[in-house]
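Enquirer: sequence and predicted structure below; questions after.
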Amino acid sequence: MDKEYNSNIFRTYKLDYFGKYHFYEENELVKEKEDGEYILENLKKSNRFDYNGASYTFTKFGNISEGRTEKDVDLTIKENDYNVDINGEVVHLDLIYKMDIKKLEDHYRITTRISEKGDTVSCLLYIDLENGEDFINGLNHVKEAQIELSRPKD
């Protein structure tokens, strides 16, 4: 790749949507969430319950998904960095573990995971088609940096 093209991919992108998903067994939800019993009771009534900024649904595997979605999120990709910044906060996307890309009608959707203290969270990144290819190329550079760091040293 030519250097001029690469320099254009290292920048801040505006994600249309950024979704984070935690997964729970029923007993974990009740134990870990302050209003867990209330959430579970309402979720069982309709298989979806929107509460306190989150959407709760049953997954096809029978556990519970808690999803939180933000709009217009800034994600910055820096050259030679294995992390990214999301709204100014350093975040580690587990791109080695998972990086699924799907071109939709008006967006690219990238599915991956985020490492957080004490938890690994699934996430969806939605970016418009106009910036999507540069964004994906930038993520591929982040993934390459992660792969390079993970290799055993001789």
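Expert: Received the coordinates, thanks.
Enquirer: just the mean pLDDT for the lengthiest helix in the chain, thanks.
Expert: Secondary structure of the chain per DSSP state H: the longest helix is helix 129-150. Averaging pLDDT along helix 129-150 gives 96.
Enquirer: output that helix as CSV, restricted to C-alpha atoms.
Expert: In CSV, the C-alpha atoms belonging to helix 129-150 read as follows (Å, rounded to 0.1, in the frame of the first residue of the first chain):
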residue,chain,number,x,y,z
LEU,A,129,-20.4,3.4,3.2
GLU,A,130,-18.4,6.6,2.3
ASN,A,131,-15.9,6.1,5.1
GLY,A,132,-16.3,2.4,5.6
GLU,A,133,-13.5,1.1,3.5
ASP,A,134,-10.9,3.4,5.0
PHE,A,135,-12.2,2.5,8.5
ILE,A,136,-11.9,-1.2,7.8
ASN,A,137,-8.4,-0.8,6.4
GLY,A,138,-7.5,1.1,9.6
LEU,A,139,-8.9,-1.6,11.7
ASN,A,140,-6.9,-4.1,9.7
HIS,A,141,-3.7,-2.2,10.6
VAL,A,142,-4.7,-2.3,14.3
LYS,A,143,-5.3,-6.1,13.9
GLU,A,144,-1.9,-6.5,12.3
ALA,A,145,-0.3,-4.6,15.2
GLN,A,146,-2.1,-7.0,17.7
ILE,A,147,-0.9,-10.0,15.7
GLU,A,148,2.7,-8.7,15.7
LEU,A,149,2.7,-8.2,19.5
SER,A,150,1.2,-11.6,20.2
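Enquirer: centroid residue for this structure?
Expert: Centroid check for the chain by C-alpha atoms, centre = their mean gives Cys123 as the closest residue, at 2.4 Å.
Enquirer: partners of it in the sheet?
Expert: Beta bridges link Cys123 to Lys20, Thr112, judged by DSSP bridges.
Enquirer: hmm, back to that, what comes into contact with the longest helix of the chain?
Expert: With C-beta atoms under 8 Å, 6 or more residues apart in numbering as the test, helix 129-150 has contacts from 6, 8-11, 13-14, 75, 77, 79-84, 93, 95-96, 99, 101, 103, 106-108, 110, 127. From N, CA and C alone the C-beta is placed, and that goes for glycine too.
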